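Asker: here is a sequence with its predicted model. Questions after.
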Amino acid sequence: MRHFRLWNVHNVAVFLSVTLYMCHIAGCISIHSAQRNLSRSVQEDALFSVDVSSTGVPTIEWTFMSGAGSRSIGTWQPQGDVNITADYSSRVKTYENGSMILMDLRLQDTGFYLLTVTEPAGSSKDVGFVLRVNEVLYEDLQYLSITALALGVVAALLMLVTWLLHKACMKVKAWRLRKQMPENDETELQRLESQPGNQS
């Protein structure tokens, strides 16, 4: 029984040693990402959040791919130089853990984004992201603002017309009252004069 336990411990130690050695030769690269499908609106920012870890100092490279072809976004190393292509120089912010922010999105940014992590030994690992950029939200806001403005103008006009009609009605009523009052006074005077007790 004791010999069996020693044999198991010995096998586990050998297995771990071989695994660590193979991992070192192959270059243990791990890339963790919580979200790989992104949906954003025009003029928003997209964060491609990753956490890259490796045994050596990796080279991080982002590439954009669409139906029109592929182009490099940038390459950098943690605590090293950052090389962003001219097309993205003003719109990309990089992080040492491999993450990237693409700012001021355009419809043309819709497509597939590939992150490639390469170790000095030559081993590499890829992870893909899908970004969909739409302008529905922007169009809806523009439509809503124009609709709200038009409704506000219509409401103001209706209020103005109601106020003018109210003023006109009040003037017509006052005019009718003024027109009727002299006739009533004349009638009253005639009635008073026609009574016998009032004759001198």
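Answerer: Looks like it came in fine.
Asker: tally of neighbours for residue 42?
Answerer: 16 (other Cβ atoms under 10 Å). (Glycine included, C-beta is placed from N, CA and C.)
Asker: which residues touch the closest residue to it other than its chain neighbours?
Answerer: Leaving aside its chain neighbours, residue 42 sits nearest to residue 135 (4.5 Å; criterion: Cβ to Cβ, 6 or more residues apart in numbering). The contact partners of residue 135, taken as Cβ atoms under 8 Å, 6 or more residues apart in numbering, are 41-42, 107.
Asker: what packs against whichever strand or helix holds residue 115?
Answerer: Assessed by DSSP states H and E, residue 115 sits inside strand 111-118. In this structure, strand 111-118 packs against strand 29-32, strand 59-66, strand 124-134, with contacts taken as 3 or more Cβ pairs under 8 Å, 6 or more residues apart in numbering; DSSP states H and E.
Asker: rerun at 10 Å
Answerer: If you count contacts as 3 or more Cβ pairs under 10 Å, 6 or more residues apart in numbering; DSSP states H and E, strand 111-118 packs onto strand 29-32, strand 46-48, strand 51-54, strand 59-66, strand 69-76, strand 100-102, strand 124-134.
Asker: and it with strand 69-76, angle?
Answerer: With axes from the mean of the first three to the mean of the last three Cα atoms, to 10 degrees as the basis, strand 111-118 and strand 69-76 are set at 40 degrees to each other.
Asker: report the buried residues of strand 111-118.
Answerer: Buried residues in strand 111-118, counting neighbours by 16 or more other Cβ atoms under 10 Å, are found at 111, 113, 115-118.
Asker: CSV for the helices and strands packed on strand 111-118, including mean pLDDT?
Answerer: Supplementary listing: these in CSV, determined by pLDDT from 0 to 100:
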stretch, mean pLDDT
strand 29-32, 89
strand 46-48, 96
strand 51-54, 90
strand 59-66, 94
strand 69-76, 93
strand 100-102, 97
strand 124-134, 94
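Asker: which one of those lies nearest to residue 163?
Answerer: When the helices and strands packed on strand 111-118 are compared for distance to residue 163 using Cβ to Cβ, the nearest one is strand 124-134, at 44.6 Å.
Asker: would you give the sheet partners of the closest one, along with the direction of each?
Answerer: strand 37-41 (parallel), strand 111-118 (antiparallel) (DSSP bridges).
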